[in-house]
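>>> need a structure here:
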Amino acid sequence: MTHIDDLVAFVRGELGDAELASAREHVAGCKDCADEVKTLEAVFGLVRATEIEAPTNFAHVTARLAARTVAPVKRKGWDRVAYIVTRPIFGYPAWAVSAAVHLFALGTLTLVAVERSQKKQAAGEKLTVIDRRATDFGSRDPGTNVPEIQAPTGEFALFLGNRGDANARMELLRKNGGAETAAAVDNALGWLASKQEKDGSWPADGGQPAYRTAATGLAALAFLGHGESHLAGEHSKNVAAALGWLRSQQGMTGRIGPDQGAVLPQHSIATAALAEALAMTGDTSLRETLGSAVSYLAGSRSPRGGWGSSLGSEPDSVTTSWAMTALRLADAAGIEAARAPLASAAAYLESLTSPEGLTALRDSGVYPNGPSTTTAAALFARRFTGLEAAEATRRSAVLTPPDGSDYTAAQFAALASICTPAWDASNAAIKNALLPRQNTDGSFKADKWSGYGGSVAATAMATLALETYYRYPA
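Predicted structure coming up:
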């Protein structure tokens, strides 16, 4: 009999609709797989029932030690569970990660989780496995089951919390010279809403299917940038479904999205969306997911201070800028652990930046795709994390006015130059380049990066650029 290859994905609800239906049918008639499902559910339940917080680099350090000292063995019993639950996602051999899990499981689960479960059983409580599927969060009617809300604190969070005020948004549009972009944004959001899947995600149509997390995160950010949230707004149900799907994609390590390919850029975009939603609304139900996502970011940082596309890869300035954006938003949302990695990340970007302000991709003075995207992304990340106003103004002079070929560069350049002497030229370039590229259905024509995230990502990025006038405090 052919068994299910990945029962972890089945238990965690990570399979597609067709795969899920087939897996359910198989488990119903296969005792071996059904027994393993029960074992996995029990393990996940025990892990989630604990309140232990290990250091963010715990898994990496212990896996490294195990890889040096432990030989691979045939898996059975807990070995198999440890191997399955910790698929090779840390960049180490799966057996080494399995050994690392032994250190944690035997040293903590045995002493603490069992004791906690016994206390719960004595009190008449039932151990349950948390189900983070999008149907729970995304289908919630904004008018019912009102979550616990904490008022935003700090200037940044207060600004984000005021996004839903249409009058304030229009005043910022008028003040910053972008009133004519309102209709384009409305049309783009309408198109994005029409393309959302039933599960809350957006497909990377015209791009690569593996970039669904990025497409969904960018679309969610586009709605959030306009003042829509999962609790209020014309598109609140779209935002709620998107956030629910993103939460359902989080693994036990805190990573959101796939474990191969552009892991960290996609995780950073998803983390930014969750952080922005929490900062805007104060909805405390998002804190656990966001906290885990921040811990994953902090633990996956390169020794050089930045982030690369995946664990163990060379860091680059664009991925690092996305990660810093996510961490800064999480900090504004009240996740204290998000602040610590920012200083070394800022130092990493500075190490790639020339005296005149141009930022390289990975090595100083080297610009494989030109300096526009890297420089704009890095300058925004640095403005976002405390670069002095005078220095930000000086560097903004080197930014290339955005054109229609690169929506990522346009978005970052707009955010980096607003309220600086470069803003008038940048603002005019944004409108002249982007508005003519909007299709009659509200979507935007493809740009140089559409081969990855497809039409949804392109439309979301162009929309984010046109929302610059009111997205963040300048």
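>>> roughly how far does G233 sit from A462?
Here G233 is placed at a distance of 20 Å from A462 (Cβ to Cβ, to the nearest Å). From N, CA and C alone the C-beta is placed, and that goes for glycine too.
>>> how about A347?
For A347 relative to A462 (Cβ to Cβ), the value is 32 Å.
>>> what of G291?
On the measure of Cβ to Cβ, G291 and A462 end up 31 Å apart.
>>> now the residue sitting nearest the centre point of the chain, what's its secondary structure?
Centrality entry for the chain: nearest residue to the mean C-alpha point is A270, 1.9 Å, by Cα atoms, centre = their mean. Here A270 is recorded as helix under DSSP: H, G, I helix; E, B strand; the rest coil.
>>> low pLDDT regions in the chain?
Applying pLDDT under 70 to the chain flags residues 1-22, 39-154.
>>> so what are the domain limits for it?
Here the domain parsing of the chain from automatic domain parsing is 7-122, 134-471.
>>> now, of these, which is deepest in the fold?
Ranked by mean neighbour count under mean count of other Cβ atoms under 10 Å, the domains of the chain are led by domain 134-471, which reaches a mean of 21.
>>> how far out from the middle of the chain is it?
9 Å (Cα atoms, centre = their mean, to the nearest Å).
>>> now do the helices in the stretch 151-300 of the chain.
Secondary structure of the stretch 151-300 of the chain (DSSP state H, counting those that start in this stretch): helices at 155-161, 166-175, 182-195, 212-225, 236-248, 263-281, 287-299.
>>> counting by contacts, list what the longest one packs against.
Contact partners of helix 263-281 among helices and strands, from 3 or more Cβ pairs under 8 Å, 6 or more residues apart in numbering; DSSP states H and E: helix 155-161, helix 212-225, helix 236-248, helix 287-299, helix 317-332.
>>> could you give the angle of it to helix 212-225?
Helix 263-281 and helix 212-225 are oriented at 20 degrees to each other (axes from the mean of the first three to the mean of the last three Cα atoms, to 10 degrees).
>>> send me helix 263-281 as CSV with only the CA atoms.
Output of helix 263-281 as CSV, limited to C-alpha atoms (Å, rounded to 0.1, in the frame of the first residue of the first chain):
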residue,chain,number,x,y,z
VAL,A,263,12.0,31.7,1.9
LEU,A,264,12.9,34.8,3.8
PRO,A,265,11.6,37.5,1.4
GLN,A,266,8.2,35.8,1.4
HIS,A,267,8.3,35.3,5.2
SER,A,268,9.2,39.0,5.7
ILE,A,269,6.4,40.2,3.5
ALA,A,270,3.9,38.0,5.4
THR,A,271,5.3,39.1,8.7
ALA,A,272,5.0,42.8,7.7
ALA,A,273,1.3,42.2,6.8
LEU,A,274,0.5,40.6,10.2
ALA,A,275,2.5,43.3,12.0
GLU,A,276,0.7,46.1,10.2
ALA,A,277,-2.6,44.6,11.0
LEU,A,278,-1.8,44.3,14.7
ALA,A,279,-0.4,47.9,14.8
MET,A,280,-3.5,49.2,13.1
THR,A,281,-6.1,47.4,15.1
